[in-house]
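Visitor: 3D model of this:
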Amino acid sequence: MNARVTSVLPIVLLFAGTIPAGSSHDVSSEQEAATAAAAANRFLATLDQAGREEALLPPDSPLKSNWSNLPAGILDFERNGARVGDMTAEQRTAMHAFLSTAMSPFGAELVEGVMAAEGILSRSPRAARFAWSSDNYWLAFFGEPSAEDDWSWQFGGHHLAVNVAVRDGVLSMSPTFIGIEPANFEMNGSSAAPLEDQVARGIDLMRSLPEGLRQSSLVDARPGEVYAGAGEDGVIPPLEGSRVSDWPAEGKAQLLDIIGLWVRIMPEAAAERRLAEIRDGLDQLRFAWNGPYDGSGSIYYRVQGPELILEFSTQGAVGSDEGHYHSVYRNPANEYGGG
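Guide: Presented below is the predicted three-dimensional model:
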């Protein structure tokens, strides 16, 4: 399969741009949560009673952990919520409006990129077996979306599971899985590589670390995909690699920038709040790396501390058209907003 083809998808990439550098306007996390709740209710209002019952689950439902990066064709349970492929044009428009409101422009673009790559996979002869399709993504809410009460939402399918909770007006995001296959493709005449920064900035960090710290970051073993992925709630990977407390200021800044590639999926104020927490605990983190750092082969890296697990793994050499990447972001102290 040649990944560099023009994709015609039943979705529209709503945003173009790069990761935001920082605050550009004064919006609180509480305002972001209220705006997301309003957009969620506009989506729910487009559903009939049966659709609403499918999309809206109890706030304490144990089904919150029913997420996976696997394609629908080989998954042994039903995902939560309303399926994109079953939505009317009006409902899809409202769904995309919700996602663009409940995430940052960077986050919405990243999610749409994962779905666009799925559209490429849907052309494969193996698509029917695995149910590769950009229709096979689901949106669910746990608890009535509200500016006053706690609630959460989940959006996912193959290579995607975003879990966001609102507690006391504050947004949090954990666990969240972002993957992609193919890693590079063309869409509407333009080149797309949604996770290229996650690769490039990781390699840049390894290259820039002093030799001693680079060597202490290297680990011999790596998981087949990621340690803390789907079905692994509560799993804590081995604490390995170099201590960030020993790093120079430049390396710490680079690491925080990499972490931001996941945290900034959230709206701006919520992301800045979370990054401030991580910055305060930066010296408690460890950084582990497996693989070459010259861009020639498969890589894996992990950032880990008491309140952060971040893993990124390539399922093959970086930069290839057929690239296949997995990543997971967790806050063990605040999973599904329960912390």
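Visitor: May I have the top strand by length along the chain as CSV, with CA atoms only?
Guide: Counting by DSSP state E, the longest strand found in the chain is strand 170-180. What follows is strand 170-180, C-alpha atoms only, in CSV (Å, rounded to 0.1, in the frame of the first residue of the first chain):
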residue,chain,number,x,y,z
VAL,A,170,-11.5,22.3,36.0
LEU,A,171,-10.6,20.1,33.0
SER,A,172,-8.2,17.2,33.2
MET,A,173,-7.2,14.6,30.6
SER,A,174,-6.2,11.0,31.6
PRO,A,175,-5.8,8.5,30.2
THR,A,176,-5.4,9.5,26.5
PHE,A,177,-4.0,7.3,23.7
ILE,A,178,-2.8,8.8,20.5
GLY,A,179,-1.5,6.6,17.7
ILE,A,180,-1.4,6.7,13.9
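Visitor: need the contact list for residue 141.
Guide: If a contact means CB atoms under 8 Å, 6 or more residues apart in numbering, then residue 141 has 40, 44, 55, 56, 57, 81, 151, 152, 153, 154 as its contacts. All C-beta atoms are positioned from the backbone trio N, CA, C, and that covers glycine.
Visitor: which SS class is the last one?
Guide: Here residue 154 takes the strand state, with states given by DSSP: H, G, I helix; E, B strand; the rest coil.
Visitor: Number of residues surrounding it?
Guide: Neighbourhood size, residue 154 [other CB atoms under 10 Å]: 25.
Visitor: hey, where'd the strands end up in the protein?
Guide: Applying DSSP E to the chain gives strands spanning 56-57, 82-83, 137-142, 151-157, 160-167, 170-180, 185-187, 190-192, 242-243, 286-290, 300-305, 308-314, 325-330.
Visitor: any chance of those strands in TSV, with distance to residue 120 too?
Guide: Formatted as TSV, the strands of the chain follow (distance: least, CB to CB, whole Å):
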stretch	distance to residue 120
strand 56-57	31
strand 82-83	20
strand 137-142	15
strand 151-157	14
strand 160-167	15
strand 170-180	10
strand 185-187	5
strand 190-192	9
strand 242-243	37
strand 286-290	28
strand 300-305	24
strand 308-314	17
strand 325-330	14
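Visitor: how does this structure divide into domains?
Guide: 29-191, 195-337 (automatic domain parsing).
Visitor: Export those to a markdown table and append columns for mean pLDDT.
Guide: Putting these into a markdown table (pLDDT from 0 to 100) gives the following:
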| stretch | mean pLDDT |
| --- | --- |
| domain 29-191 | 96 |
| domain 195-337 | 95 |
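Visitor: Name the nearest of the contacts of residue 141 relative to residue 224.
Guide: Distance to residue 224, by CB to CB, is smallest for residue 154 among these, at 24.8 Å.
Visitor: Could you measure from the closest one over to residue 35?
Guide: 19 Å (CB to CB, to the nearest Å).
Visitor: hmm, back to that, turn the contacts of residue 141 into CSV, columns for distance to residue 202.
Guide: As requested, the contacts of residue 141 are arranged in CSV below (distance: CB to CB, whole Å):
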residue, distance to residue 202
40, 34
44, 39
55, 36
56, 39
57, 36
81, 32
151, 34
152, 30
153, 29
154, 27
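Visitor: now the residues you listed: which count as buried?
Guide: Neighbour-count burial (16 or more other CB atoms under 10 Å) applied to the contacts of residue 141 gives 40, 44, 55, 56, 57, 81, 151, 152, 153, 154.
Visitor: Contacts only, for the nearest residue to residue 27 once chain neighbours are set aside.
Guide: Leaving aside its sequence neighbours, residue 27 sits nearest to residue 269 (CB to CB, 6 or more residues apart in numbering; 5.3 Å). Residue 269 makes contacts with 23, 27, 28, 29, 31, 32, as judged by CB under 8 Å, 6+ apart.
Visitor: Just give the closest residue to the fifth one, not the sequence neighbours.
Guide: Distance criterion CB to CB, 6+ apart; nearest residue to residue 31, sequence neighbours excluded, is residue 269 at 7.4 Å.
Visitor: Ok, residue 237 next?
Guide: residue 227 (3.9 Å).
Visitor: Tell me the one of the buried ones among the contacts of residue 141 nearest residue 281?
Guide: Using CB to CB, the buried ones among the contacts of residue 141 come closest to residue 281 at residue 152, 23.9 Å.
Visitor: hmm, back to that, what is the nearest of the contacts of residue 141 to residue 108?
Guide: For the contacts of residue 141, the nearest to residue 108 is residue 153 (13.5 Å; CB to CB).
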